[in-house]
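1. for reference, the sequence and a predicted model appear below.
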Amino acid sequence: MNTTACTIVPPHILRALARSSDERVAQAAEHTLRTRLTVEGKRAAQARRPRPGDRSAPGGSGFLPRDLQARAERTLDLPPTATTTPNPQRSIHDAQQGTKLPGVLERSEGEPAVADESVNEAYDGLGATWSLYYDVFGRNSLDDNGLPLVASVHYDKKFDNAYWDGEQMVFGDGDGVYFSSFTDSIDVIGHELTHGLTQYTAGFVYVGQSGALNESMSDVFGSMVKQRSLGQSAAQADWLIGQGLFTARVHGEALRSMKAPGTAYDDPNIGKDPQPATMDGYQQLPHDDSGDNGGVHINSGIPNHAFYLAAAALGANSWETVGPVWYDTLTRGGLPKDADFAGFAAATIKAAETRYGADSEQERAVRTAWEQVKVVVSA
């Protein structure tokens, strides 16, 4: 099983910064790249351990911290009654520029805001993501069983990334030169948390086209979290992923654009956004770290663009139109973990037909979107 760390910043950007003449920037980028390998090993170990909620496994919730494990088990033991209303169970920790996780607990569920802006941003972002899952799709946390949401801010020194490590969220503060704090963008929080959702559902293998689908799922749901939190329709949204992460020194708007893949940045220090919008630009890359596991952060622009096109065609709010189709496809089973773009496209078309009806406006919008990105051949 591939267990590469699910990070928001693509490795090609970090490699470019590692060649910077600014020693501080180069060291921060090199260190961030090395950390990916450490996280990979951790995720590999976790992949062999029982998942949270596996009641038949020794220890119940497996890899959760002891206090959160007890809380999760109490949640699982609650009888499903009309008076039991699910709520998020958030805990935000301060890693204090260290690497020991989760760090010092700074804010728990229901507690008021604290002085640390990053703690509050993480708390609010986790809440907005949980709310999208539950209020829109009826899902109670990542595992649909009330899994507590754990996050750590101020991870390491000048850490240029955020990631889901298989059990919790981790946010760096950035190098302060090219990257600012990774809690500044709510869609980044939604993106990384959705890697956990994918882990508990379709489980797309993080390599090649299935890996690009894994990344795309996170961009899709991260964008919906942002749009819903801002009350934006599909037409009003900017469809940018990671807006606010770059400092003013970077010539670019964000890490990715779902509306116009390949246009998010063009900077002499980090390069030009390499994402394709259609299969005409699909990049065949090595299935290893040097090739971003087959271009998972690059080729994800294609399914990203398909989601945007379907949402734009339907108008209104993306989380109420095409969002449920993607959610159904991700969660209802039937897709192999190594699904390719064509298989996923066919599943979304079927999901749209199942939810809205054959030849419905929604089914036509989804089918046409996949035809426009040239994953599906038009009839």
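-> Here it is on my side, so go on. Residues are numbered from 1 along each chain as shown.

2. contacts, neighbours, all on C-alpha from now
-> OK.

3. who's the closest spatial neighbour of residue 178, skipping the chain neighbours?
-> In this structure, residue 178 finds its nearest non-sequential neighbour in residue 247, 5.2 Å apart by CA to CA, 6 or more residues apart in numbering.

4. pretty sure the one you found is touching residue 181, no?
-> No: Residue 247 is not in contact with residue 181 according to CA atoms under 8 Å; the separation is 9.7 Å.

5. looking at these two, which one has more neighbours?
-> residue 181 (24 against 18; other CA atoms under 10 Å).

6. tell me how far the residue nearest the centre of the chain lies from residue 253.
-> Nearest residue to the geometric centre of the chain (CA atoms, centre = their mean): residue 191, 2.4 Å. For residue 191, the distance to residue 253 equals 17 Å [CA to CA, to the nearest Å].

7. check the gap between the residue nearest to residue 178 and residue 192 for me.
-> For residue 247 relative to residue 192 (CA to CA), the value is 21 Å.

8. now residue 225
-> Distance of residue 225 to residue 192, computed by CA to CA: 12 Å.

9. now swap in residue 93 and tell me
-> 17 Å.

10. what do you get for residue 129?
-> Taken as CA to CA, the span from residue 129 to residue 192 is 10 Å.

11. what's stretch 181-193 in contact with?
-> 6-8, 118, 121-122, 125-126, 128-129, 153, 160-164, 169, 171-174, 217-226, 241-245 (CA atoms under 8 Å, 6 or more residues apart in numbering).

12. just the ones of these in strands?
-> 6-7, 153, 162-164, 169, 171, 241 (DSSP state E).

13. would you map out the domains in this structure?
-> According to automatic domain parsing, the chain comprises the domains 6-200, 208-372.

14. any idea which of the ones you listed is most buried?
-> Sort the domains of the chain by mean neighbour count, taking mean count of other CA atoms under 10 Å, and domain 208-372 sits at the top with a mean of 21.

15. how far out from the middle of the chain is that domain?
-> 11 Å (CA atoms, centre = their mean, to the nearest Å).

16. I'd like the numbering to begin with 381 instead of 1 from here.
-> All right, first residue 381 from here; so that's domain 588-752.

17. so residue 664 sits in a strand?
-> No: counting by DSSP: H, G, I helix; E, B strand; the rest coil, residue 664 is not part of a strand but coil.

18. give me the pLDDT value at it.
-> Model confidence at residue 664, given as pLDDT, is 96.

19. shouldn't it be in contact with residue 673?
-> No: between residue 664 and residue 673 there is no contact under CA under 8 Å: 10.3 Å.

20. lowest-pLDDT helix or strand in the protein?
-> The weakest-scoring helix or strand in the chain, judged by mean pLDDT, DSSP states H and E, is helix 446-457 (a mean of 40).

21. what element comes up after it heading to the C-terminus?
-> strand 470-474 (DSSP states H and E).

22. for residue 728, what are its contacts?
-> With contact set as CA under 8 Å, 6+ apart, residue 728 has these partners: 705-706, 709, 746.

23. likewise residue 666?
-> So residue 666 contacts 672-675 (CA under 8 Å, 6+ apart).

24. so how far is residue 658 from it?
-> 20 Å.

25. again, but for residue 499
-> Taking CA to CA, one finds residue 499 at 38 Å from residue 658.

26. not counting residues beside it along the chain, what's closest to residue 626?
-> Closest to residue 626 by CA to CA, 6+ apart is residue 559, at 4.8 Å.

27. what's near enough to touch the one you found?
-> 540, 553, 625-627.

28. which phi and psi does it have?
-> The phi and psi values for residue 559, taken as degrees, to the nearest 10, are phi -120, psi 140.

29. re earlier: who touches both of residue 509 and residue 572?
-> residue 602.

30. follow-up on the earlier one: of the contacts of residue 559, closest to residue 584?
-> For the contacts of residue 559, the residue nearest residue 584 by CA to CA is residue 540; the value is 25.1 Å.

31. ranges for the helices of the stretch 481-630 of the chain?
-> In the stretch 481-630 of the chain, the helices defined using DSSP state H, counting those that start in this stretch lie at 497-511, 517, 566-580, 588-610.

32. which of those helices sits closest to residue 477?
-> When the helices of the stretch 481-630 of the chain are compared by CA to CA, helix 497-511 sits nearest residue 477, at 12.8 Å.

33. the inter-axis angle of that closest one versus strand 470-474?
-> Orientation check (axes from the mean of the first three to the mean of the last three CA atoms, to 10 degrees): helix 497-511 against strand 470-474 gives 160 degrees.

34. for helix 497-511, name the packing helices and strands.
-> Contacts defined by 3 or more CA pairs under 8 Å, 6 or more residues apart in numbering; DSSP states H and E place helix 497-511 against strand 470-474, strand 484-488, strand 529-533, helix 566-580, helix 588-610.

35. quick one: average pLDDT of that helix?
-> pLDDT averaged over helix 497-511 gives 98.

36. what of stretch 733-747?
-> pLDDT averaged over stretch 733-747 gives 97.

37. cool, stretch 625-643 as well?
-> 97.

38. can you show me the CA trace of that stretch as CSV?
-> In CSV, the C-alpha atoms belonging to stretch 625-643 read as follows (Å, rounded to 0.1, in the frame of the first residue of the first chain):
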residue,chain,number,x,y,z
LEU,A,625,-0.5,30.9,1.6
PHE,A,626,1.9,32.8,-0.7
THR,A,627,3.5,36.0,0.6
ALA,A,628,3.5,39.1,-1.6
ARG,A,629,6.9,38.0,-2.8
VAL,A,630,5.3,35.3,-5.0
HIS,A,631,3.9,36.0,-8.4
GLY,A,632,0.8,34.0,-8.0
GLU,A,633,-2.7,33.7,-6.5
ALA,A,634,-2.7,30.3,-5.0
LEU,A,635,-1.4,26.7,-5.2
ARG,A,636,-4.0,25.6,-7.7
SER,A,637,-7.0,26.8,-9.7
MET,A,638,-9.9,24.5,-10.3
LYS,A,639,-11.4,27.0,-12.7
ALA,A,640,-8.3,27.4,-14.8
PRO,A,641,-5.7,24.8,-14.0
GLY,A,642,-2.2,25.9,-14.9
THR,A,643,-2.7,29.6,-14.1
